[in-house]
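Visitor: fold the following for me, if possible:
(2 chains)
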Amino acid sequence: AQTVTQSQPEMSVQEAETVTLSCTYDTSESDYYLFWYKQPPSRQMILVIRQEAYKQQNATENRFSVNFQKAAKSFSLKISDSQLGDAAMYFCAYRSASGGTSYGKLTFGQGTILTVHP
Amino acid sequence: ETGVTQTPRHLVMGMTNKKSLKCEQHLGHNAMYWYKQSAKKPLELMFVYSLEERVENNSVPSRFSPECPNSSHLFLHLHTLQPEDSALYLCASSQDAFPGTDTQYFGPGTRLTVL
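Guide: Below is the predicted model:
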């Protein structure tokens, strides 16, 4: 079974600075997808960024980028030029690309609470 | 966000009550999901529906009963719940249930408290 671990329960950053959230995962599969989701205090879970395991290039979405290290099974999220609106709980998630009973299933980490200080 | 809506947003019920949670997606998706989010625990997948057919039942107790009458609506019927069932219940949808093809979009959740 796949597991996702976020070792930082809480992180904080000053506005306009950069912060990196860590995520590691364990899997025996070679083809899969990784996601970062953001859950602000309003509770709506929002997709931040997505990475296909077969792609070597790190995904980027405006101020958000990932450092995907497949061999190390690491998938960190970097937020540049942090804004007050970035404050939220961030979840790392894994999704298998194979079929069977695991299809559709997102496996989430425990989450990291990000605080942004003005 | 109006893509995936959930009602009610908050629900308090006794252990002997019967209630239902409703989810509606306006995205034209074929797959819908129920997740449970408890304090200090990762999100747990409960059910997956693809084209109104249940394709995943992740060892969920029978006091939770899902229903998917069409691809836009998903219900979670609750019956004789326990206090430990108190949690945030999140609905999500994606274009299809097959992995990797799409992203799941989440609703705002229903905060359930069981007394």
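Visitor: burial measure for A:Gln69, as a count.
Guide: 12 (other Cβ atoms under 10 Å in any protein chain shown). In short, each C-beta sits where N, CA and C put it, glycine included.
Visitor: could you give the mean pLDDT of stretch B:61-69?
Guide: Across stretch B:61-69, pLDDT averages out at 94.
Visitor: would you mark the buried spots in the one helix or strand in chain B whose mean pLDDT sits lowest?
Guide: Lowest on mean pLDDT, DSSP states H and E among the helices and strands of chain B sits strand B:53-57, with a mean of 78. Buried residues in strand B:53-57, counted by 16 or more other Cβ atoms under 10 Å in any protein chain shown: B:Glu56.
Visitor: how far off strand B:53-57 does the helix or strand following that strand point, in degrees?
Guide: Downstream of strand B:53-57, the next assigned helix or strand under DSSP states H and E is strand B:64-70. When axes from the mean of the first three to the mean of the last three Cα atoms, to 10 degrees is applied, the directions of strand B:64-70 and strand B:53-57 differ by 150 degrees.
Visitor: name the helices or strands packed onto strand B:64-70?
Guide: strand B:44-50, strand B:53-57, strand B:73-79 (3 or more Cβ pairs under 8 Å, 6 or more residues apart in numbering or on different chains; DSSP states H and E).
Visitor: what residues of it count as buried?
Guide: Those would be B:64, B:66, B:68, for strand B:64-70 by 16+ other Cβ under 10 Å.
Visitor: cool, stretch B:26-36 as well?
Guide: Of the residues in stretch B:26-36, those buried (16+ other Cβ under 10 Å) are B:29-36.
Visitor: and the residues you listed as CSV, adding distance to chain A and secondary structure?
Guide: Shown next, in CSV, are those (distance: Cβ to the nearest Cβ, whole Å; DSSP: H, G, I helix; E, B strand; the rest coil):
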residue, distance to chain A, secondary structure
B:His29, 12, coil
B:Asn30, 11, coil
B:Ala31, 6, strand
B:Met32, 10, strand
B:Tyr33, 7, strand
B:Trp34, 12, strand
B:Tyr35, 8, strand
B:Lys36, 11, strand
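Visitor: now for those residues, which pair is the farthest apart?
Guide: B:Asn30 and B:Lys36 (22.4 Å; Cβ to Cβ).
Visitor: okay, the spatially closest residue to B:Pro83 that is not a sequence neighbour and B:Met13: tell me how far apart.
Guide: Nearest non-adjacent residue to B:Pro83, counting by Cβ to Cβ, 6 or more residues apart in numbering or on different chains: B:Val114, 5.1 Å away. Between B:Val114 and B:Met13 the distance, using Cβ to Cβ, to the nearest Å, works out to 6 Å.
Visitor: who has more neighbours, these two?
Guide: Counted by other Cβ under 10 Å, B:Val114 and B:Met13 do not tie: B:Val114 has more neighbours, with 19 against 16.
Visitor: residue contacts, that one?
Guide: B:13-15, B:81-86 (Cβ atoms under 8 Å, 6 or more residues apart in numbering or on different chains).
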